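In: mind looking at a prediction? Sequence and model below.
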Amino acid sequence: MADVRLKGLSKTFNKRLAVDDLSLDIRHGEFFVLLGPTGAGKTTTLRLIAGLERPDKGSVSIGGRDVTHSEPAERDCAFVFQQYSLYPHLTVYDNLAFPLKSPLRRLSKEDIDVRVREVAETVHISHKLDSKATQLSGGEMQRVGIGRALVRRPNIYLMDEPLSSLDARLRSDLRLELKRIQQDTGATLLYVTHDQIEAMTMASRIGILENGRLVQCGTPREIYENPASVYVATRLGTPRINLLPAGVIPAGSEPTGTSVIGVRTEHVVLGDPSSSASKARIGKVERLGDQTFLHVDVEGHKLVLLADPHVALEADRAVGLSLRAPLFFAADGARIHAGQEARQ
Ligand SMILES: Nc1ncnc2c1ncn2[C@@H]1O[C@H](COP(=O)(O)OP(=O)(O)OP(=O)(O)O)[C@@H](O)[C@H]1O
């Protein structure tokens, strides 16, 4: 396993910067998630690391070796794609064994057998080793796809939204499995997604991409609690952070230059209308089964908050609303910390 170092990496397609001066260190044994919306440059970053694209500027090092101009095979990265790319006519066993059969590897049949069975165990597919790939469910196919990457023990695993084509239940099962596999094997893993739950649940660290630029890097908790901008704050959290113009609800000591206040559920205290900072009205109570969203109208603005499903809240009720340590942002979207002023 190896660490990965990207320095000033840029890539342009048709005069559009897909990756813009990206520098990043991924540590040995880390589960690093690149999170960003569609077109942010996630796949291009992975392809630059794998050697499937050449950068216009910058460098890529893997395990301390500059591989910017090396061929993909010399970089020894295993790629797992969104769509499982199995050989349909082969059995699960042969699909797993395939990457080990290269003459360059010079592995004996016995060694291959041990390795295939070990990996099959890791991805919980041992019971299907003799089935043809076409006889598997989507989740099983993706597990074989992941197994096929694991079997090689490469320098680094690159995963491009490998769970996005699966249904919700399978996605959540495989999220846990991937995290377990990564922890058990100590693999260095770079995973790209636009799914904040995948990022929050699996990442050791998250990097947030905006138009090809890496705008913040940190643990899931750091990114959630301490976003550097409105853009980053809106990437994580369900329901999404509420953004209110400054002054709508008294927020205590607003730093000079505050233009927008970011309000998540944990920043709100609902109480008696007479003893709260603002008067509000409950709009819709949206029950989603495992979560209840509370829509609250305050001074002509709507907030969506997470509610305790056990508390009886009915629509159209008047409530009081106060803020507790919300997030402050300047007009350009940059975060302003309490006690600090906006950059001019
Ligand atoms: N081969 C290419 N030729 C031209 N433009 C490309 C090519 N590959 C990517 N792009 C452009 O580069 C930008 C970044 O694309 P990229 O696929 O890296 O984004 P992404 O974050 O992975 O998005 P998604 O989540 O939709 O896969 C986009 O504007 C895309 O259209």
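Out: Okay, I see it.
In: near the ligand, which residues of this protein?
Out: 13-14, 16, 18, 36, 38-44, 194 (CB under 6 Å from any ligand atom). All C-beta spots, glycine's among them, are computed from the backbone N, C-alpha and C.
In: okay but residue 231 is in contact with residue 210, surely?
Out: Yes - in this structure residue 231 lies within contact range of residue 210 using CB atoms under 8 Å: 5.4 Å.
In: residue 134 should be in a helix, yeah?
Out: Yes - assessed with DSSP: H, G, I helix; E, B strand; the rest coil, residue 134 lies in a helix.
In: what pLDDT does it get?
Out: pLDDT, residue 134: 91.
In: how many neighbours does it have?
Out: Neighbours of residue 134 under the rule other CB atoms under 10 Å: 10.
In: next, find the distance separating the residue nearest to it when sequence neighbours are not counted from residue 260.
Out: Nearest residue to residue 134, sequence neighbours excluded (CB to CB, 6 or more residues apart in numbering): residue 88, at 4.9 Å. Taking CB to CB, to the nearest Å as the measure, residue 88 falls 52 Å from residue 260.
In: neighbour-wise, which of the two wins?
Out: residue 260 (18 against 11).
In: in contact with that one, which residues?
Out: 230, 243, 244, 245, 246, 328, 329, 330, 331, 333 (CB atoms under 8 Å, 6 or more residues apart in numbering).
In: show me where the stretch 201-344 of the chain has strands.
Out: 205-210, 213-218, 242-245, 260-263, 268-271, 278-287, 292-298, 301-307, 318-323, 327-329, 335-336 (DSSP state E, counting those that start in this stretch).
In: and the fifth one, how far from the chain's centre?
Out: Taking the mean of its C-alpha atoms, strand 268-271 sits 31 Å from the chain's own mean (CA atoms, centre = their mean, to the nearest Å).
In: and if you look at the third one?
Out: Centre-to-centre, strand 242-245 and its host chain are 24 Å apart (CA atoms, centre = their mean).
In: if you skip the residues just before and after it, what's nearest to residue 132?
Out: Nearest non-adjacent residue to residue 132, counting by CB to CB, 6+ apart: residue 91, 5.9 Å away.
In: quick one, phi/psi of that neighbour?
Out: Dihedral pair for residue 91: phi -80, psi 170, per degrees, to the nearest 10.
In: just residue 114 next, same as before
Out: According to degrees, to the nearest 10, residue 114 has phi -60, psi -50.
In: tell me the contacts of the residue of the stretch 151-300 of the chain found nearest the ligand?
Out: Going by CB to the nearest ligand atom, the ligand is nearest to residue 194 of the stretch 151-300 of the chain, at 5.3 Å. By CB under 8 Å, 6+ apart, the residues touching residue 194 are 35, 36, 37, 38, 40, 42, 161.
In: which residues sit in contact with the closest residue to residue 95 other than its chain neighbours?
Out: Leaving aside its chain neighbours, residue 95 sits nearest to residue 86 (5.1 Å; criterion: CB to CB, 6+ apart). Contact analysis of residue 86 by CB under 8 Å, 6+ apart lists 95, 133, 141, 144, 145, 148.
In: how about the third one: what's its closest non-neighbour residue?
Out: Taking CB to CB, 6+ apart as the measure, residue 141 lies nearest to residue 84, with 4.1 Å between them; neighbours along the chain are not counted.
In: just give the number of residues close to that neighbour.
Out: Neighbour number of residue 84 under other CB under 10 Å is 22.
In: repeat that for residue 195.
Out: Residue 195: 15 neighbours (other CB under 10 Å).
In: now do the one 5 residues further on
Out: Here the count is done by other CB under 10 Å, and residue 200 has 19 residues near it.
In: can you tell me the strand partners of whichever strand or helix holds residue 190 and which way each runs?
Out: Element membership for residue 190 (DSSP states H and E) is strand 189-193. Here strand 189-193 has these sheet partners by DSSP bridges: strand 31-35 (parallel), strand 156-160 (parallel).
In: pLDDT at residue 18, what is it?
Out: Value for residue 18, per-residue pLDDT: 97.
In: what about it, neighbour count?
Out: Residue 18, neighbours per other CB under 10 Å, totals 22.
In: and it, that's in a strand?
Out: Yes - according to three-state DSSP, residue 18 belongs to a strand.
In: could I get the contacting residues of residue 333?
Out: 229, 230, 231, 260.
In: leaving out chain neighbours, which residue sits closest to the first one?
Out: The shortest distance from residue 229 to any non-neighbouring residue, by CB to CB, 6+ apart, is to residue 333 (4.8 Å).
In: that neighbour and the ligand, how far apart?
Out: The spacing between residue 333 and the ligand, counted by CB to the nearest ligand atom, to the nearest Å, is 20 Å.
In: no further questions, thank you.
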